[in-house]
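Chemist: curious how this folds, go ahead:
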Amino acid sequence: DVPAEFKEHFPKVCDTKILGEDTFFKLNHKKALAYAVCKYRALLGNPILSAWYDQDLPPNSGETPASERAMQALDLLHEYLPSAVFTALCNNVGITPETFQVMQGQAIQRHKTNFISRDVDLKRKREDDEEARKKAALSTASLAVRKSVKEGKPKGNMSIMSFFGKK
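Modeler: Residues are numbered from 1 along each chain as shown. Now for the predicted structure:
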């Protein structure tokens, strides 16, 4: 059974049939798209959402561009909409789902970069990881040098042409 607070919202996106005491709902893609477009426009103009995203910007970079805000709004809706409705929403606002995926990946990477640059612990961990990687590379190289010193000069002619020579 569906809670009453949800039932009042279903007619916004569903076709409804009442048979006796039972109510049946069927998703209507046109209603769902219209509702998604309204939510998309509301997200674009939401000052709280804008401030939340703007806190992730580097210092002195100004506000988030309109195209970035559009991607942020789509990203939020993407998590909750069926794929057919989301695809229709993208087409409605003039962005292909493929373009959305590419821009979403770029936005995620920018967010990670901006967040790491502000977070001291993450910055230190990144530097430590880089230092450990360099030490491991040097260790591998020094191991090869130690092995060649221990074994001495290679015996015989080690050129590739000696492989094809007479035995």
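
Chemist: could you use CA atoms for every contact and neighbour count after this?
Modeler: Noted.

Chemist: how about the helices in this structure?
Modeler: Under the criterion DSSP state H, the chain carries helices at the ranges 4-7, 10-13, 29-44, 47-54, 66-78, 83-93, 97-118, 120-151, 160-164.

Chemist: could I get those helices in CSV, plus columns for mean neighbour count?
Modeler: Shown next, in CSV, are the helices of the chain (neighbours: other Cα atoms under 10 Å):
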stretch, mean neighbour count
helix 4-7, 10
helix 10-13, 16
helix 29-44, 17
helix 47-54, 13
helix 66-78, 17
helix 83-93, 17
helix 97-118, 14
helix 120-151, 12
helix 160-164, 9
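
Chemist: out of the ones you listed, which comes closest to D22?
Modeler: Comparison of the helices of the chain against D22 by Cα to Cα identifies helix 4-7 as nearest, at 11.9 Å.

Chemist: so which residues make contact with the closest one?
Modeler: Outside helix 4-7, not one residue touches it by Cα atoms under 8 Å, 6 or more residues apart in numbering.

Chemist: tell me the pLDDT at C90?
Modeler: Here the pLDDT value assigned to C90 is 90.

Chemist: that one and P97 touch, don't they?
Modeler: Yes. Distance between C90 and P97: 6.1 Å, which falls inside the contact criterion (Cα atoms under 8 Å).

Chemist: hmm, back to that, of the helices of the chain, which shows the lowest average pLDDT?
Modeler: Of all the helices of the chain, helix 160-164 has the smallest average pLDDT, which comes to a mean of 58.

Chemist: ok so, going back, okay if I get the helices of the chain as JSON lines plus distance to L19?
Modeler: As requested, the helices of the chain are arranged in JSON lines below (distance: least, Cα to Cα, whole Å):
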{"stretch": "helix 4-7", "distance to L19": "15"}
{"stretch": "helix 10-13", "distance to L19": "15"}
{"stretch": "helix 29-44", "distance to L19": "22"}
{"stretch": "helix 47-54", "distance to L19": "42"}
{"stretch": "helix 66-78", "distance to L19": "33"}
{"stretch": "helix 83-93", "distance to L19": "28"}
{"stretch": "helix 97-118", "distance to L19": "39"}
{"stretch": "helix 120-151", "distance to L19": "58"}
{"stretch": "helix 160-164", "distance to L19": "86"}
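
Chemist: out of those helices, which gets nearest to T23?
Modeler: For T23, the closest of those is helix 4-7, at 9.2 Å, according to Cα to Cα.

Chemist: return the closest one as CSV; C-alpha atoms alone will do.
Modeler: Taking Å, rounded to 0.1, in the frame of the first residue of the first chain, the C-alpha atoms of helix 4-7 are listed here in CSV:
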residue,chain,number,x,y,z
ALA,A,4,-1.1,8.9,1.5
GLU,A,5,1.5,11.7,1.1
PHE,A,6,2.8,9.9,-2.1
LYS,A,7,-0.6,9.3,-3.5
